[in-house]
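Undergrad: Would you be able to build a 3D model of this:
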Amino acid sequence: MPTRTGWWILLLSTVLGIFGRLVGGIEFLIPGAAGVAAVLLALLLRHLRPSQITVKKRLSPLRVRAGDSARVDVELHNHQSRRTPLLHVHDAVPGTCGFIADVAPIEAEGGVARASYRLNTTSRGLHEVGPVTIRDSDAFGLAERKHVIPSLLRLIAHPRIEPIGQIPVSSAEDTLLGKKRRQALGLSDEDFDGLRPYTPGDDLRRVHWLSSARQDELQVRQPRPPRHGLLSVVIDARPPGDAAAVLDVTTSVAGSIAASVLAAGDAALIETTDGRSTRRVIGSSQLDSLLDFLALLSGGSPQIHAAVPSSSGSVIAVSADPVLAGDRTARRNFVERLGARLVITTDAENWGADGGGRRSPGWIHLTAPNQLGALLRSDSRRSLEFA
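TA: Presented below is the predicted three-dimensional model:
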C-alpha cells in the first residue's frame, strides 16, 4: 500500500492531472501522470519483490516479580539475495505502544540486524509480546508492504513477595512408632523407625547389637524419614476477593507466607475458596510453581467449596472481605469453616494508605506492604501454629 508520502503524491498528481485537463495545459498533465506512475511502479515492485525476513526473539528471564522488567532480544534475518529496504519494525506489547524501530537495510544472504528493549511489568499476570509487524518500503518511500510474523513470547509476572524470614510450621506427632514401643526396643536414643537385616556396605556403627543378639543376625537401625510441617494457604476468592486489584494484594500475602515456609524446609500448598489448588511442594526450589499459580489466578465464586481445605496440615486464610475485618462473629465463623489457625485480612481498597496493621490472637489485619513480617514475628514462638 502507499505510504503517507505516496498518498500525498497521488493526491497532488491527481489534482495536477484534473487541472491540466480543464485548462488544456500539457505541462500539468505530464508531472501528474509521472507521479501516479511512480507510485504504481513502487507498489508493483513491493508486490513482486517482497522482503524475505525471519524474526527470532528471546526473553530473559521468563519470570519476574511484578514491577521488575525483562529483556527482549530481537533478531531480523535476511534470506534474499539483495539488501533489504528500510524496515519499520513494531513488536506489539498489550497496554503500551509496543517496541517501534526503524532498521537500516540488512545485508544480503544471511545478514542479521539485532535490537533489544526492556519489557516493564506493573502487575502480576501473563504478559504476551507479539506479533511482530514489519513494513518494508521502496527506496523513495512511496509504497510499503506489511508482514505480520506471529512471534509470541510470554512473560509471567509473579506477585510481589515480602521477605519475612523463615517461619517454620510445627509438624504433627509421628504416629508410626509410639513412644512406648521405642523404649521397649531400646530405640529412644535414635531418630529411626525400626530395624532391618544387615547388608554388606552398611555402617557398623548403626548395628543394634541387643536386637542382633536376639535375632541371631545383625540388625541395622532404619533411619526415620524427616517429618515436615505442612501449611495450606487459602485465598478467599469470594467477591470482592475475585477482583484483579484485590487478588494482587491477597496473592502477594499468600506468596510471602508460602515462601517463608518453604525456606524453613517445610511443605506448603495454596488453595482458593472455590476449590482451585496447587500441588504440595517442599523446599525453596519449588516456590516458582506456587508463584505461577498466583500470577495467573483470576475470578472466583461466592461459595466456599466443600473440599476446602484439602490437606490435613495447618491452615492460614487470606481475605480482603471488609466484613471479616470488621465483624468478629463473621471472622470466627470463617475461621471455624476452614479450620484455620490464623486469618489475615487486608484493606485492599485503601492498600498503601496511612495506618498501621494490627494483630490479635488468631487474626492479623494489613493495610499496606511490609507489615506482614513484623506482625508474624510478634508471636514469641515464631511458628505458624497459632492458637
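Undergrad: switch to C-alpha atoms for all contacts and neighbour counts from now on
TA: Fine.
Undergrad: need the strands for the stretch 151-300 of the chain, in chain order.
TA: 153-158, 192-197, 219-223, 230-235, 267-272, 281-282 (DSSP state E, counting those that start in this stretch).
Undergrad: now the stretch 1-150 of the chain
TA: According to DSSP E, counting those that start in this stretch, the strands that the stretch 1-150 of the chain contains are 53-60, 63-65, 69-78, 87-91, 99-103, 112-120, 125-129, 132-137, 144-149.
Undergrad: looking at those strands, which is closest to residue 257?
TA: Comparing these by their distance to residue 257 (CA to CA), the top pick is strand 63-65, with 15.7 Å.
Undergrad: so how far is stretch 98-113 from its chain's centroid?
TA: On the basis of CA atoms, centre = their mean, to the nearest Å, stretch 98-113 sits 31 Å off its chain's mean C-alpha point.
Undergrad: and it, average pLDDT?
TA: On average, the pLDDT along stretch 98-113 is 89.
Undergrad: So which residues make contact with it?
TA: 75-93, 117 (CA atoms under 8 Å, 6 or more residues apart in numbering).
Undergrad: Please identify the buried residues of it?
TA: 99, 103, 105, 106, 107, 111, 112, 113 (16 or more other CA atoms under 10 Å).
Undergrad: first vs last residue of that stretch, how far apart are they?
TA: Criterion CA to CA, to the nearest Å; first-to-last residue distance in stretch 98-113 is 19 Å.
Undergrad: how long is stretch 334-349 end to end?
TA: Start-to-end, stretch 334-349 (CA to CA) is 21 Å.
Undergrad: Let me see the mean pLDDT of that stretch.
TA: 93.
Undergrad: among the strands of the stretch 1-150 of the chain, which is nearest residue 228?
TA: Closest among those, using CA to CA: strand 63-65, at 27.9 Å.
Undergrad: Distance from the chain centre to that closest one, please.
TA: For strand 63-65, the distance to the chain centre is 6 Å (CA atoms, centre = their mean).
Undergrad: quick one: strands adjacent to it?
TA: Strands that pair with strand 63-65, judged by DSSP bridges, come out as strand 153-158 (parallel).
Undergrad: Please pull out the lowest mean pLDDT helix or strand from this structure.
TA: helix 179-184 (a mean of 37; mean pLDDT, DSSP states H and E).
Undergrad: any idea of the angle the longest helix along the chain forms with strand 132-137?
TA: What stands out as the longest helix in the chain, according to DSSP state H, is helix 26-48. Relative orientation of helix 26-48 and strand 132-137, computed by axes from the mean of the first three to the mean of the last three CA atoms, to 10 degrees: 140 degrees.
Undergrad: List of residues touching helix 26-48?
TA: With CA under 8 Å, 6+ apart, helix 26-48 has contacts from 1-2, 6, 9-10, 12-21, 137-138, 142-145.
Undergrad: repeat for stretch 347-366
TA: 245-246, 249, 320, 322, 325, 341-346, 367-369, 371-372, 375, 386-387.
Undergrad: Stretch 344-354: which residues count as buried?
TA: For stretch 344-354, by 16+ other CA under 10 Å, it's 344, 345, 346, 347, 348, 351.
Undergrad: Closest one to residue 197 out of those, please.
TA: Nearest to residue 197 out of these is residue 344 (CA to CA; 50.7 Å).
Undergrad: ok, then the element right after the helix or strand where the closest one lies?
TA: In the assignment (DSSP states H and E), residue 344 maps to strand 342-346. Per DSSP H and E, the first helix or strand lying C-terminal to strand 342-346 is strand 358-360.
Undergrad: residues near residue 355, how many?
TA: Look at residue 355: counted by other CA atoms under 10 Å, it has 11 neighbours.
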